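Q: Just the structure for this:
(one chain, ligands or ions: 1)
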Amino acid sequence: MKYRSFGKLGITGSAFGLGCMRFNGPASGDSSIDEQKAISLIRHAIDGGVTYIDTAYVYLNRTSETVLGKALRDGYRDRVTIATKMPIDYVHSRADMEALFEEELRKLQTDHIDFYLMHAVNAERWERFKAIGAPEFFEELKQKGKIRYKCFSFHDDYPAFEKIIQDNDWDMVQIQYNFMDINYQAGTKGLELDGRLGIPVVIMEGLLGGRLAKAPSNVQALYDLFPVRRSPVEWAFRWLCNHPEVAVVLSGCNEMEQVDENLRIFDTVEPNIMTPAELKLMDDVREAYLSRTKIGCTDCRYCMPCPNGVNIPGTFAVWNKTSLYNTDPKEDNDLQGIINANAGADHCIGCGACEAQCPQHLNIIESLQSAWQDLGL
Ligand SMILES: NC(=O)c1ccc[n+]([C@@H]2O[C@H](COP(=O)([O-])OP(=O)(O)OC[C@H]3O[C@@H](n4cnc5c(N)ncnc54)[C@H](OP(=O)(O)O)[C@@H]3O)[C@@H](O)[C@H]2O)c1
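A: Numbers count the residues shown, from 1 in each chain. Below you'll find the predicted structure:
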């Protein structure tokens, strides 16, 4: 495992940070965790050298912190830094913030949080955080040693990022970034601004929620032509770690094999190691993807649950998958499952609750109809 600097914080962290947002439960379950499997996976990652673990109050129906707390018993807590988050939709006052923070400590079975983040901040949420005194509350927690660092995770456009990052004294920022999102959300401009301000950066969605792990045929053809053979996952992480501003790359793993592969990859990646030919390959790969992707849904599930039961990320995943891999929707088991569960786009009533929550700002209502049509339904 390579360890990277958090710059002004004077600490290092594992280049691979384990994200606790996506642990698969039983195949039939939605957001339920196979607890024993998740605990083994977390401990395996730590035993392999991971020192940075990311969770949040809301992940996996608010069970992610609890499972992480159990995984960090037996001495594991002292081997890692924990990042967790406060969601603005659950706090409306100082008392709410105090209660939620204490609940998080209890669930995580710890007396302090290392990196405490205001969750999924955008321009509007930042105003709400400020209105209830969250910046002052975070500072007080820091002074009392209850948290070590004041941070935020970000989902909005670059102008909002530029404002928010300079509007408070932040210790770290978490942004969505990968070789596809160079001009999206904070993007490369945001990453470079962090570098200039000396604020360490943690990356989320480095594989676009797993989409960059499975190369479609036109992308795989480009990888195959390159003289050095690497998996799509390795190319994606290598590209991220090439950026010196990046402290940690989060990846949410569902299987031990994924942890093992990521441990191997993050043992080899360093800042500024990519050759011009490798960088050109990634530019070509980006173009190849863009030519086939239907919608930029990352399966973060912030849009769920839909009040009318539509499986929004599931529908978009099938739409993208059938386009990327040129497969027949009629033979798609996931699509069949959505139809059987009465969770298809034909059940959308256009209420827009999903669009208000989507960090990618997707036109969900319109796209659901296009997807359904494209899928021949
Ligand atoms: N604060 C926020 O607003 C926010 C938003 C999003 C994420 N996050 C945090 O950031 C973390 C990382 O984001 P993410 O989960 O989207 O990360 P990601 O790395 O983009 O995607 C994770 C998915 O990639 C696949 N994967 C990972 N390693 C693999 C490997 N070696 N081989 C093949 N596939 C692999 C798995 O997909 P399959 O399921 O297909 O196997 C896994 O579920 C989250 O867990 C969460 O903690 C925070």
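Q: Neighbours of Arg264, how many?
A: 14 (other C-beta atoms under 10 Å). Every C-beta, even on glycine, is put in place using the N, C-alpha and C of the backbone.
Q: What residues does it make contact with?
A: Under the criterion of C-beta atoms under 8 Å, 6 or more residues apart in numbering, Arg264 has no contact partners.
Q: Check what pLDDT it gets.
A: Among the per-residue scores, Arg264 shows a pLDDT of 97.
Q: Report the buried residues of the helix or strand hosting it.
A: Arg264 belongs to helix 256-265 when assigned by DSSP states H and E. Across helix 256-265, burial judged by 16 or more other C-beta atoms under 10 Å covers Gln258, Val259, Glu261, Asn262, Leu263, Ile265.
Q: if we take those residues, which one ends up nearest to Phe138?
A: Asn262 (30.4 Å; C-beta to C-beta).
Q: I'd guessed the closest one sits against Gly17; true?
A: No. Asn262 is not in contact with Gly17 according to C-beta atoms under 8 Å; the separation is 10.0 Å.
Q: Now for these two: what residues contact both?
A: Common neighbours of Asn262 and Gly17 (C-beta under 8 Å, 6+ apart) are Ser251.
Q: Please tell me how far Gly13 sits from Ala317.
A: Gly13 sits 31 Å away from Ala317, going by C-beta to C-beta, to the nearest Å.
Q: bridging residues for the residue in the stretch 1-150 of the chain that the ligand sits nearest to?
A: Proximity of the stretch 1-150 of the chain to the ligand (C-beta to the nearest ligand atom) peaks at Gly19, 2.0 Å away. Under DSSP bridges, the beta-bridge partners of Gly19 are Asp54, Gly252.
Q: and it, what is it in contact with?
A: Here Gly19 is in contact with Asp54, Thr55, Met204, Leu250, Ser251, Gly252, Cys253 (criterion: C-beta under 8 Å, 6+ apart).
Q: what's the spacing between it and Pro313?
A: From Gly19 to Pro313 the distance is 16 Å (C-beta to C-beta).
Q: what does Arg125 give?
A: Taken as C-beta to C-beta, the span from Arg125 to Pro313 is 21 Å.
Q: What residues sit buried inside stretch 330-344?
A: By 16+ other C-beta under 10 Å, the buried positions in stretch 330-344 come out as Asp332, Leu335, Ile338, Ala343, Gly344.
Q: Setting the sequence-adjacent residues aside, check what's closest to the first one.
A: Spatial nearest neighbour of Asp332, chain neighbours left out: Val318 (5.6 Å); criterion: C-beta to C-beta, 6 or more residues apart in numbering.
Q: Now name the helix or strand holding the one you found.
A: Going by DSSP H and E, Val318 is in helix 312-325.
Q: That helix near the ligand anywhere?
A: No. Figure legend: helix 312-325 not in contact with the ligand (C-beta under 6 Å from any ligand atom); closest approach 9.4 Å.
Q: domains of the protein?
A: 3-290, 312-374 (automatic domain parsing).
Q: From those, pick the one with the highest average neighbour count.
A: Mean neighbour count (mean count of other C-beta atoms under 10 Å) peaks for domain 3-290 among the domains of the chain, with a mean of 18.
Q: First-to-last residue distance for that one?
A: Domain 3-290 has an end-to-end distance of 33 Å (C-alpha to C-alpha, to the nearest Å).
Q: on that earlier part again, does the residue nearest to Asp332 touch Ile338 like I think?
A: Yes. Assessed by C-beta under 8 Å, Val318 is found in contact with Ile338 at 7.1 Å.
Q: any residues in contact with both of those two?
A: What both Val318 and Ile338 touch, as defined by C-beta under 8 Å, 6+ apart, is an empty set.
Q: thinking again about what came up before, and the buried residues of helix 256-265, which is closest to Thr66?
A: Of the buried residues of helix 256-265, the one sitting nearest to Thr66 (C-beta to C-beta) turns out to be Val259, at 20.5 Å.
Q: hang on, the closest one packs against Arg43?
A: No. With contact defined as C-beta under 8 Å, Val259 does not reach Arg43; the gap is 10.1 Å.
Q: still on that earlier bit, what are the contacting residues of the next helix-or-strand element following the helix holding Arg264?
A: Counting by DSSP H and E, the next helix or strand C-terminal to helix 256-265 is helix 276-290. Under the criterion C-beta under 8 Å, 6+ apart, residues 179-180, 182, 212, 215-216, 218-219, 222-223, 226, 228, 235, 238-239, 242, 274 lie in contact with helix 276-290.
Q: chain center to helix 276-290, what's the gap?
A: 22 Å (C-alpha atoms, centre = their mean, to the nearest Å).
Q: model confidence over that helix, on average?
A: 95.
Q: Quick one: end-to-end length of stretch 83-102, please.
A: Stretch 83-102 has an end-to-end distance of 15 Å (C-alpha to C-alpha).
Q: what's it in contact with?
A: Stretch 83-102 has contacts (C-beta under 8 Å, 6+ apart) with 17, 52-58, 65, 104, 108, 113-120, 125, 128-129, 132-134, 137, 141, 146, 151, 153, 174, 202.
Q: Of those residues, which belong to helices?
A: When helices are assigned by DSSP state H, the members of the contacts of stretch 83-102 inside them are Glu65, Glu104, Leu108, Arg125, Arg128, Phe129, Ala134, Phe137, Leu141.
Q: May I have the secondary structure class of the nearest residue to the third one once chain neighbours are set aside?
A: Taking C-beta to C-beta, 6+ apart as the measure, Leu108 lies nearest to Gly69, with 4.4 Å between them; neighbours along the chain are not counted. Classification of Gly69 into helix, strand or coil gives helix, according to DSSP: H, G, I helix; E, B strand; the rest coil.
Q: which residues touch Gly69?
A: Counted by C-beta under 8 Å, 6+ apart, Gly69 has contacts Lys107, Leu108, Gln109, Thr110.
Q: Thanks a lot, see you next time.
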